[in-house]
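Engineer: Just to be clear, the model below is a prediction. Sequence and coordinates:
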Amino acid sequence: MTLSQKILLTICKPLLNILFFWKAEGRENIPLTGPFILVANHVHLLDPFFLLFSFPRWIHFMAKEELFRSPFLRPWLRWGGALSIRRRGKIKEKQELLKRTRNTLEQGLILGMFPEGSRSQDGKLKKGKPGSAVIASKANVPILPVGIVGTDKIKGISWLWKRPSIVINIGKPFRLPSTNNNMSKSQRELLTTQLMREIAALLPPEYQGVYKEHEH
């Protein structure tokens, strides 16, 4: 974490505490050194900020390419070390993305990913995309699941005086089987389901969506 990143978090945290009742549970599960991939459900634009304030280390998030086209967001994303991802990239672009994610992890950093691929409109966990599982399997690094609860209540203007309750549930690290080979579609789906169920286990039943039947 750079000095400017530390300063930003220090300045902004009191504001977060004023606007929300929020807490992070399971902080003892966060590896203090070494690379890992953080995977979480995604409901609101503020989700990455709650994660950053919950962790003692900086998180390098994957962000869709469209965000980097914004003159306002682009410098902030680059300052934060975000990695651009094209949702329907060609094979060469996907290979380049794998290379960039591996470089990030080889530096001992945290890679933050939202496996659903986009925000859930109703707060319920959507079917996961295979990208997170493929990257984790090929990089052979731990995965840290996180369940974000309550950001679906941040709607309209009334939340400003209602102070929604937000809980960041941090699970225990786990690993997927390592592979350097190309995976079949069924293998990708199996690993993705395993990853998503780890996230679902950290959410209340009403938020588990398509993974509600998961028994942990």
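Structural biologist: Yep, it's here. Keep in mind it's a predicted model, so treat the numbers as computed, not measured.
Engineer: ok now the helix or strand of the chain with the lowest mean pLDDT, how far from the chain's centre?
Structural biologist: Sorting the helices and strands of the chain by mean pLDDT, DSSP states H and E puts helix 159-162 at the bottom, at a mean of 80. Distance of helix 159-162 from its chain centroid, counting by C-alpha atoms, centre = their mean, to the nearest Å, is 25 Å.
Engineer: Which positions in it come out as buried?
Structural biologist: For helix 159-162, the neighbour count (16 or more other C-beta atoms under 10 Å) marks no residue as buried. Using the backbone N, CA and C atoms, a C-beta is placed for each residue, glycine as well.
Engineer: who's in contact with it?
Structural biologist: Here helix 159-162 makes contact (C-beta atoms under 8 Å, 6 or more residues apart in numbering) with Leu19, Lys153.
Engineer: Which is the succeeding secondary structure element to that helix?
Structural biologist: Moving toward the C-terminus from helix 159-162, the next helix or strand (DSSP states H and E) is strand 165-170.
Engineer: Given that next one, what are its sheet partners and their directions?
Structural biologist: Strand 165-170 pairs in its sheet with strand 21-25 (parallel), strand 143-149 (antiparallel), by DSSP bridges.
Engineer: got any ranges where this protein has weak pLDDT?
Structural biologist: Applying pLDDT under 70 to the chain flags the ranges 87-91, 214-216.
Engineer: Spell out, range by range, the helices that occur in it.
Structural biologist: 3-19, 47-54, 73-79, 91-106, 131-139, 159-162, 185-200 (DSSP state H).
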